[in-house]
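Trainee: Provide a 3D model corresponding to the input given below.
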Amino acid sequence: MIVKKSKNEIDLMRKSSEIVALALKKVEELVSPGITTLELDRIVEEFIRSKGAIPSFKGYKAIYPNVENFPGSICSSINDEVVHGIPGLRELKDGDIISIDIGAYIDGFHGDAARTYPVGNISPEAQKLIDVTKQSFFEGIKYATVGNRIIDISSAIEDCVVKSGFTVVREFVGHGIGKEMHEEPQIPNYRCRTQRARLDVGMTLAIEPMVNQGTHEIKVLENGWTVVTLDGKLSAHYENTIAITEEHPLILTIL
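Mentor: Numbering: from 1, shown residues only. The predicted structure is shown next:
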């Protein structure tokens, strides 16, 4: 069931979403060769808690048996890691790209957003991947208006990505968001004929293109969390929490 939010509830979601946006801004300033993803995780967790919020991802329940709940406050996915990278002692290197996904929970509601950052000097191909992934999000939300369907958003994202020579991940998708981190509906980043729900005022969505340099195929590592590209090529991620209004989509996780 799709849960629509009142104006008051969307205002509450602004607070959690602003905390996420501020945390991502802090990450952007810190990402550089030599820093570890564990250090980024610690800084983000301290920041989120300093605002009276809780990191949404920390302790998130695993879907696979015999896999521990997610240990980090951020998902930190480097190079060929698509999503759900676990923070650790790995140091970032010049030429890497890193996707950081952050969620925060306060006053009963979640906010969720992700960005992919360059580390030092990256290749033109890697920068194009980052740029196209971000662009595809904005192409998608042009259709996030009352009366359109989810498939309209998905189609615009896919068209932007494919036109640029990249591919979209199919096994992981965007989602509704609110009192729960993951709510209905699912929002694929490709034409999925089953996702035809109409958009209406009060729907709050986390739209998140995950774009690969090579094949769209992925695999999950033995830790049960980290998703990587099957061919070892780069992947990028861009996400915002939005609200459907009477006039235009409201992006809650941009400052």
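
Trainee: now the helix or strand containing H110: mean pLDDT?
Mentor: Using DSSP states H and E, H110 sits in strand 109-118. The average pLDDT within strand 109-118 is 98.

Trainee: now for it, which elements pack on it?
Mentor: Packed against strand 109-118 by the contact rule (3 or more C-beta pairs under 8 Å, 6 or more residues apart in numbering; DSSP states H and E) you find helix 7-30, strand 97-106, helix 124-141, strand 235-237, strand 240-243. All C-beta spots, glycine's among them, are computed from the backbone N, C-alpha and C.

Trainee: Show the subsequent helix or strand relative to the first one.
Mentor: What it means is helix 7-30. Criterion used, DSSP H and E; the element after helix 7-30 is helix 37-50.

Trainee: Helix 7-30 and that next one, what's the angle between them?
Mentor: Angle between the axes of helix 37-50 and helix 7-30 is 140 degrees (criterion: axes from the mean of the first three to the mean of the last three C-alpha atoms, to 10 degrees).

Trainee: Give me the contacts around helix 37-50.
Mentor: 19, 22-23, 26-27, 30-31, 54-55, 58, 72-74, 76, 78, 85, 87-90, 92, 98, 100, 102, 104 (C-beta atoms under 8 Å, 6 or more residues apart in numbering).

Trainee: go again using 6 Å as the cut-off
Mentor: The contact list for helix 37-50 (C-beta atoms under 6 Å, 6 or more residues apart in numbering) reads A23, K26, P55, G72, S73, I74, S76, P87, G88, L89, R90, A104.

Trainee: Kindly report the same for stretch 241-252.
Mentor: So stretch 241-252 is contacted by 10, 13-14, 17, 111-112, 141, 144, 177, 199, 201, 203-206, 240, 253 (C-beta under 6 Å, 6+ apart).

Trainee: per-residue confidence averaged over it?
Mentor: Averaged over stretch 241-252, pLDDT sits at 97.

Trainee: start to end distance for that stretch?
Mentor: End-to-end span of stretch 241-252 (C-alpha to C-alpha, to the nearest Å): 6 Å.

Trainee: How far does that stretch sit from its chain's centre?
Mentor: Counting by C-alpha atoms, centre = their mean, to the nearest Å, stretch 241-252 is centred 17 Å from the centre of its parent chain.
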